[in-house]
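K.L.:
Pasting the sequence and the predicted model now:
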Amino acid sequence: MSRPAGDKARGPSRLAGAVLGMAGIGLLLLAWWFATDVIAGDTSFARRFSPSRTFPALAGLLAGPDLWVHVGQSLRRVLVGLAAALLAGVPLGLLVGASRLAEAATTPVFQFLRMISPLSWMPVAVMVFGVGDAPIYFLLAFAAVWPILLNTAAGVRQLDPQWLLLSRSLAATRWETLSRVILPGVLPQVLTGLRLAIGITWIVLVPAEMLGVQAGLGYFILDTRDRLAYDQLIATVLVIGILGYLLDALARAAIRRVAPAA
């Protein structure tokens, strides 16, 4: 059976996109090597950050157990922060999206709070929750809740009113309407908000893990700096970027699965 014309048109575009993406990564690596190994002098401090030193250090870290411990701790904290943000953001988003009164009452407060950098709460979080995971969970949840809340509210407002009328005509209960009409209808927007939240929490995570914890990628960066292991420091930065890219790719795949046309 022959493939539809649309599939044939999409095939080369995906291949071309992959080739262009690899070319972009290659240009970035070339610029990195040129800046640290060619332009920088033999005694320049920049040579300590060169790819010729970083990639062997990265291979050593991947082969050992220490890096994976820090990766596991960071991923656990991100998951806990995202879970807390979902538990708070989705119900509030449903309320704000369904009620004009709730929207009018909460919009000024939410807009004010979301404009405050999560990192500015770091001293307050430490004083209130103490040193450990608790202040990190708070900072990550605070950073992640806003895109989830706002996208959920937007999804509720975009629901087809005919769906709600149909559920009423079928004498559906409120729980049935919520679980079978509203939640499935807003799920693509919730996942879009979750994708944005992942990016924000991954950025906030590294400085948040410099609050006195003894494990995590942010802590490991400080540890490599203190040990003057600059090759491992840059290798850890690469790991952070790769993991962030993979988390975003998982979120994009989930969105495509739920809403293929999005």
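P.N.:
Alright, I've got the coordinates.

K.L.:
Gly212 and Met122, how far apart?
P.N.:
Distance, Gly212 to Met122, using C-beta to C-beta, to the nearest Å: 11 Å. The C-beta positions use only the backbone N, C-alpha and C, and glycine is treated the same way.

K.L.:
Just want to know which of those two has more residues nearby.
P.N.:
Neighbours of Gly212 and Met122, each counted by other C-beta atoms under 10 Å, are more numerous for Met122; the result is 19 against 12.

K.L.:
secondary structure class for Gly212?
P.N.:
coil (DSSP: H, G, I helix; E, B strand; the rest coil).

K.L.:
do the same with Thr43
P.N.:
Secondary structure assignment for Thr43 (three-state DSSP): coil.

K.L.:
Ala143 and Ile198 touch, don't they?
P.N.:
No. Shown here, Ala143 and Ile198 do not form a contact pair, counting by C-beta atoms under 8 Å, at 10.5 Å.

K.L.:
higher neighbour count, these two?
P.N.:
Higher neighbour count among Ala143 and Ile198: Ala143, with 26 against 20, using other C-beta under 10 Å.

K.L.:
Retrieve the pLDDT associated with that one.
P.N.:
Ala143 is assigned 94 on the pLDDT scale.

K.L.:
Name the nearest residue to it, sequence neighbours excluded.
P.N.:
Pro118 (4.0 Å; C-beta to C-beta, 6 or more residues apart in numbering).

K.L.:
if I pick the one you found, what's in contact with it?
P.N.:
139-140, 142-143, 200, 204, 208 (C-beta atoms under 8 Å, 6 or more residues apart in numbering).
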